[in-house]
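[1] no sequence on hand, only this structure:
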């Protein structure tokens with residue numbers, strides 16, 4: 001009888017200790033915490049007139065339209081998770097588009113070489129809108145997810161990962 005009581009006591013104490021390890025920094029799943037939503041400052045950029053050519057001349061090189069990504073930022077970022085994998089991490093962002101039908105969704109880095117600025121690695125969730133008007137639809141039909149793998153070398157010196165949209169940004173910290 002004493003043995004079964006002591007086994008029950010030890011099992012209940014060790015099971016209760018699992019909650020402590022779950023929330024600690026020892027758990028690799030907690031290396032990047034839960035994401036939080038932050039406001040985005042809007043930039044007052046003057047739109048370019050598409051009727052005025054940027055390059056003119058007889059021998060001016062015309063870039064192929066396939067080389068230029070025509071993605072626009074999503075309306076709202078709803079979720080951000082960072083999962084540790086061998087050799088780096090996977091950043092997965094979920095966003096809501098203003099309308100249905102966006103395609104070619106990707107996380108584009110704010111800097112060319114994906115270097116952090118003051119410990120913050122920033123991405124923008126972008127997608128290409130369809131040429132014709134589409135239905136607005138419910139939130140479930142406008143939701144998209146994009147992911148990007150980051151190496152350990154790119155994560156060196158990063159303590160915050162930020163994904164921006166038009167109306168908000170999601171931030172996760174180590």
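    Structure's in. What do you need? Because the structure is a prediction, the values reported are computed rather than measured.
[2] which residue comes closest to residue 134 once chain neighbours are left out?
    Distance criterion Cβ to Cβ, 6 or more residues apart in numbering; nearest residue to residue 134, sequence neighbours excluded, is residue 101 at 4.2 Å. Just so you know, the C-beta spots here come from the backbone N, C-alpha and C atoms, and that holds for glycine as well.
[3] cool, residue 141 as well?
    residue 100 (5.3 Å).
[4] wouldn't that neighbour be in contact with residue 133 here?
    No. Using Cβ atoms under 8 Å as the test, residue 100 is too far from residue 133 to be in contact (10.2 Å).
[5] who's more crowded, those two?
    residue 100 (13 against 9; other Cβ atoms under 10 Å).
[6] burial of residue 123, as a residue count?
    Counted with other Cβ under 10 Å, residues neighbouring residue 123 total 24.
[7] partner residues bridging it?
    residue 163 (DSSP bridges).
[8] what residues does it make contact with?
    Applying Cβ atoms under 8 Å, 6 or more residues apart in numbering to residue 123 gives the contacts 91, 93, 107, 108, 109, 110, 148, 161, 162, 163, 164.
[9] what residues does the helix or strand residue 83 falls within touch?
    In the assignment (DSSP states H and E), residue 83 maps to strand 76-85. With contacts defined as Cβ under 8 Å, 6+ apart, strand 76-85 is touched by 28-29, 31-32, 35, 37, 89-96, 125, 143, 149, 161, 163-172.
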